[in-house]
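Student: can you look at this prediction? I've put the sequence above it.
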Amino acid sequence: MSGSVPGPARNWTVGTAPGIFPFLGHGIDLVRRPLAFLESLSAHGDLVEIRLGPQRAWMACHPDLVHQVLGDPETFDKGGPLYDRLRTLLGDGVGTCRHQDHRRQRRLLQPGFRKARVADQVQLMGEEVESVCRGWRGGQAVDVSATMMDLSTRVISRLLFSDSLDAATAHEMRGCLATVVRGMFVRTVMPVDALFRVPTPANRRYRHASDRLRAIVDAAVAERRRGAAQDDRDDLLGTLLAAARGVGVGTAISDREVHGQVITLMFAGAESTALCLSSALELMGRHPGEERRLHSEVDAVLASGRPPGPDELPRLVRTRSVVTETLRHRPPGWLFTRVATKETELAGHRLPRGATVVFSPYLLHHDPALFPDPDRFLPDRWLPGRDVTVRPGAMIPFGAGRRKCIGETLAMTEAMVAVSFITRHWRLRHLPGYEERLRPAASLGPRGLVMTCEPRVRKPVGTAVAPVVHNSRTAGGNDVHDA
């Protein structure tokens, strides 16, 4: 049996969530009203049995239980419906591999994600956010979802490949990612393979999008290999190709692992960051008081009008608070699964080997016992000195333990660069009649978000007059992610 929960002993409660769909289980609730369903579970216990299709699963609703699971990856390994689907698409990359492979893979990639390396990439991030905003003009309706996906795709592709994907490929990748994350979610909460073997339009779109994502990555890797002897670019793909040749590692990695790592980093680095940025801008548009306070900071720190550099980032205290509160309010990674590798005990309840355990950062982040007024957007929670009131372990937008997301520093830095520069120059307003419509998929955030941009200065730095037209259909998804 595995170890018990650290801290003082307590009487755990174990319950079962009510359901009325015996075959589909609670998957139908997770598709129709996912966030409300999650928030209802704590009333049934600290550990609640649910059904994902015909399979039983246990939802950990208490932060101590979540950290017991995340702190013991040997007992609670990555697995379950979500990771079964992700491995089909991504292979065994750092975000999806089993426990026994994780340390080696993380050590291989870690140098590319250290704080000093991320600091060197701040200028790159600033260049890209200037580029995506260059075509905005006053009064233009901007597809924020598509623009933020464009930004995050360009940043992660430069970090991986040194140069951005061409415009047509980046456009196609955005559409494929949107289709895959929606289809992945339905396949996670209703893991009934027969439903997805039927050649429906949605299933065909999902398979095509998955195939195209792999093909795009394969083409990028193949192109680099052709010039490998003369290519000395210092990027993540270069690190992986060197490891494939056995340079700097004990054992050369396989071509399959190179492809798996690249597509994993592309998938995680583009989608999650884009949704965080879209959520932050959407929330600013609905909270004018918070927006004014943010404007005061960015006007002072970014007085030159240029994107922030490494020296300015530590001074963007409120910007960091806005991004952090966005990650609390709407964590892009909102639902995850683990699998018990042996018979074990959780909350005093015996789980058999192979049992699926589910946890949700969204559920913890919206628990009123952990965060007062959880549904309110309150960046002040995270100002220096106030964040000490947050219970340890309650805030987990990047996971926790040895498998905490390798890209946390990178994602936070990119978000701060983008949010500060955009709000320094632009005010984004919701269209008349706008209603918040979150469509949870494999990740959480607004899709198809269109807002009107208004310049905050006479001529924003780095902008031109000609508008850029984005296609919102590619960003909205077409079908019913932690390292």
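Tutor: Great, that's in hand.

Student: what sits against Thr324?
Tutor: By C-beta atoms under 8 Å, 6 or more residues apart in numbering, the contact list for Thr324 reads 379, 381-382. All C-beta atoms are positioned from the backbone trio N, CA, C, and that covers glycine.

Student: change it to 10 Å
Tutor: 379, 381-383, 387, 395, 397, 412, 415-416 (C-beta atoms under 10 Å, 6 or more residues apart in numbering).

Student: take those and write them to JSON lines, including pLDDT.
Tutor: Compiled in JSON lines, these are given as follows (pLDDT from 0 to 100):
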{"residue": "Pro379", "pLDDT": "97"}
{"residue": "Arg381", "pLDDT": "93"}
{"residue": "Trp382", "pLDDT": "94"}
{"residue": "Leu383", "pLDDT": "92"}
{"residue": "Asp387", "pLDDT": "67"}
{"residue": "Met395", "pLDDT": "94"}
{"residue": "Pro397", "pLDDT": "95"}
{"residue": "Met412", "pLDDT": "97"}
{"residue": "Ala415", "pLDDT": "97"}
{"residue": "Met416", "pLDDT": "98"}
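
Student: okay if I get the residues you listed as CSV plus distance to Arg117 and neighbour count?
Tutor: As requested, the contacts of Thr324 are arranged in CSV below (distance: C-beta to C-beta, whole Å; neighbours: other C-beta atoms under 10 Å):
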residue, distance to Arg117, neighbour count
Pro379, 28, 24
Arg381, 30, 19
Trp382, 25, 20
Leu383, 28, 13
Asp387, 26, 13
Met395, 25, 22
Pro397, 21, 26
Met412, 14, 20
Ala415, 17, 25
Met416, 16, 22
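
Student: pick out whichever of those sits closest to Ala274.
Tutor: Nearest to Ala274 out of those is Ala415 (C-beta to C-beta; 10.1 Å).

Student: show me the contacts for that closest one.
Tutor: Shown in contact with Ala415 (C-beta under 10 Å, 6+ apart): 125, 148, 152, 273, 276-277, 279-280, 319-320, 322-324, 326-327.

Student: would you map the strands across the stretch 201-350 of the chain?
Tutor: Counting by DSSP state E, counting those that start in this stretch, the segments of the stretch 201-350 of the chain that form strands are 336-340, 344-346, 349-351.

Student: closest to Val301 out of those strands?
Tutor: The nearest among the strands of the stretch 201-350 of the chain, by C-beta to C-beta, is strand 336-340 at 35.3 Å.

Student: what is the mean pLDDT for the closest one?
Tutor: What strand 336-340 shows for mean pLDDT is 92.

Student: pairing partners for that strand, with directions?
Tutor: strand 76-78 (antiparallel), strand 356-359 (antiparallel) (DSSP bridges).

Student: how about it as PDB, C-alpha atoms only?
Tutor: Extracted C-alpha coordinates of strand 336-340, given in PDB (Å, rounded to 0.1, in the frame of the first residue of the first chain):
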ATOM      1  CA  PHE A 336      -6.200  15.400 -15.800                       C
ATOM      2  CA  THR A 337      -6.000  11.600 -15.200                       C
ATOM      3  CA  ARG A 338      -3.600   9.300 -13.500                       C
ATOM      4  CA  VAL A 339      -3.600   5.500 -13.200                       C
ATOM      5  CA  ALA A 340      -2.700   3.400 -10.100                       C
END
